[in-house]
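Undergrad: Here is my input, please return the structure:
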Amino acid sequence: MKSTSKNMNYILNYEKLEVGDIILEAGHKVHSKAIQTYTKSNFSHAMVCLDNTSIIHSEGDGTFTLNPQRLLVKNKNDLKVLRIKEGLSDELKKELTLFLRIQVGSLYSVKDALLTLTYSQTEKESSSQYQFCSRLVAQAYDSINYQLVKNKDFCSPEDINRSEILVEVEDMIRKTNSTDTKFALKRNFVLENQKSTYDWLNKTRDYASDTYNFEIHIQNDVDKFLWKHKEADNIVCEYIKASGYLENYKISIKNNPHMYDKDIFINKFKKLEEKEEYIINMIIGEFKKEPSLIIRFLKNYTNSINNFNNTKLQYYQLQINLYKNLLSDIMSRLITLHEVYMDYIQKNLIDNHKIIVNLHHYLQVLKDNGIEKYKF
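TA: Residues are numbered from 1 along each chain as shown. Just a heads-up that it's a prediction; the model follows:
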């Protein structure tokens, strides 16, 4: 499903996505066409929305997240968004998201996907820890007691498309513009993070299997492995350090320098006729991305501290440093938004008190947790 921006004319109306939305995609490669033919469907891939800046899916490289701004397609009917008819409560959205995030790093199984042709209309269960796209979606919803399909372990994108408890969401696909294309050509932080994660995770998988006969399926299994075999800590840490996984957050700084400097932020849009309105919309748009990241990263940061205190494993010290850097990076972006608001927006008599209150709140949350602005 990976694609360049060339001849890609449509994109998700991602700002309207809700947590739990299911995105179906029609591929144009040989394997996608084969899936479409065998399942008598226009669709060959299924994904789930974690929030309007993140989609999770399982494909050949494994299970990982994708920025919906990079999901560009040729034709309007190459994408379709489905949603539970009655909607999901906030609590169910949290449970669904938790299940899906735990799956990050799990391996993809072509064999299991092919078995869908045989077992999709049966009650055949699977004990496999591997994933494929539609299994990930169906199992996630099963975890919150929604049965999308007859068989959650063996199902196709078309089985999901035909689910009686889902409804298509209208006006979710729009034409691409020059901004969409430009963003799609930017260096892809998520993809690079995915590659480096699989680099150290696959090496750890092989090492754990060959040396200890311990199977690692998802990233959380690494914790179980190291708690049982603490002598492997240094080796796993070396895999992580060598992969570049701990440095990937710096890509954002190179990609988006305006988010770290007030003057660059304002000058970036100085040629626009409606500059003030555009900048305030940019502040609102950028700020919407940050709170969910802060909450998730703070939780991981705190858990890593607790795990380190309990085990003294260097693996958790690396995690502590990583999440502290990620949170410092967010703080730097929030400070920039705050400065733009105070030095430019207020001076131009544009009043949006709610923005500044929220900015102050999350900056204080970070400070209370010992996070400081990232030092470049």
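Undergrad: Walk me through the domains of this protein.
TA: Following automatic domain parsing, the chain resolves into domains at 10-175, 178-368.
Undergrad: What mean pLDDT does the shortest one get?
TA: This points to domain 10-175. What domain 10-175 shows for mean pLDDT is 92.
Undergrad: Over to that domain now: how far is its first residue from its last?
TA: 5 Å (C-alpha to C-alpha, to the nearest Å).
Undergrad: would you list the domains of the chain in a markdown table and tack on distance to residue 374 and mean neighbour count?
TA: Placement of C-beta: from N, CA and C, glycine included. Listed next are those as a markdown table, based on distance: least, C-beta to C-beta, whole Å; neighbours: other C-beta atoms under 10 Å:
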| stretch | distance to residue 374 | mean neighbour count |
| --- | --- | --- |
| domain 10-175 | 20 | 18 |
| domain 178-368 | 4 | 16 |
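Undergrad: show me where the stretch 151-300 of the chain has helices.
TA: Under the criterion DSSP state H, counting those that start in this stretch, the stretch 151-300 of the chain contains helices at 157-161, 178-184, 189-212, 220-228, 233-243, 250-255, 262-268, 275-311.
Undergrad: right, I mislabeled it, should have said the stretch 1-150 of the chain
TA: Using DSSP H, counting those that start in this stretch, the helices of the stretch 1-150 of the chain run over residues 30-39, 90-102, 110-119, 133-142.
Undergrad: can I get these in TSV with distance to residue 240?
TA: Shown next, in TSV, are the helices of the stretch 1-150 of the chain (distance: least, C-beta to C-beta, whole Å):
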stretch	distance to residue 240
helix 30-39	32
helix 90-102	19
helix 110-119	28
helix 133-142	25
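Undergrad: Tell me which of the ones you listed sits nearest to residue 269.
TA: Nearest of the helices of the stretch 1-150 of the chain to residue 269, taken as C-beta to C-beta: helix 90-102 at 33.0 Å.
Undergrad: what about that closest one, distance to the chain center?
TA: In terms of C-alpha atoms, centre = their mean, to the nearest Å, the centre of helix 90-102 is found 13 Å from the chain centre.
Undergrad: Repeat that for stretch 92-107.
TA: 10 Å.
Undergrad: follow-up on the earlier one: so which of the helices of the stretch 151-300 of the chain gets nearest residue 79?
TA: helix 157-161 (11.8 Å).
Undergrad: coming back round to it: the helices of the stretch 151-300 of the chain into CSV, with extra columns for distance to residue 363?
TA: Shown next, in CSV, are the helices of the stretch 151-300 of the chain (distance: least, C-beta to C-beta, whole Å):
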stretch, distance to residue 363
helix 157-161, 41
helix 178-184, 27
helix 189-212, 23
helix 220-228, 31
helix 233-243, 30
helix 250-255, 18
helix 262-268, 15
helix 275-311, 10
